[in-house]
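Enquirer: only geometry, no sequence info:
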């Protein structure tokens, strides 16, 4: 498994959530190896996404899909105060509830 975490600064996290739900989910779910996507409103000034893929290639492709989605949606781009902080890598430890 491979995970990408993107941290965005925004003063409108609820609006980012709405736009992701309406427009981004259909795009990322088509990326090969897609497992899951989570969005987190981190208060009044932030938004974080967590993307889970079976392969590193899928996780890497998702970064391009996310960047293109923001670029193609200037109203969304204006809500984001800076490029995202991106952290990505292979899952090396995991524990699930029984």
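Expert: Noted; the coordinates are in hand. Predicted model only: the values in this text are computed from it and were never measured.
Enquirer: check contacts around residue 25.
Expert: residue 37 (Cβ atoms under 8 Å, 6 or more residues apart in numbering). Bear in mind the C-beta positions are built from the backbone N, C-alpha and C, glycine included.
Enquirer: Equivalent analysis for the one 10 residues further on, please.
Expert: Applying Cβ under 8 Å, 6+ apart, one finds that residue 35 lies in contact with 1, 52, 53, 54.
Enquirer: Counting neighbours, which of these comes out on top?
Expert: Highest neighbour count within those, by other Cβ atoms under 10 Å: residue 53, with 24 neighbours.
Enquirer: Which residues are in contact with it?
Expert: With the criterion set at Cβ under 8 Å, 6+ apart, residue 53 makes contact with 1, 2, 3, 4, 31, 33, 34, 35, 59, 62.
Enquirer: Just the buried subset of these, please.
Expert: By neighbour count, with 16 or more other Cβ atoms under 10 Å, these hold 2, 3, 4, 31, 33, 34, 59, 62 as buried.
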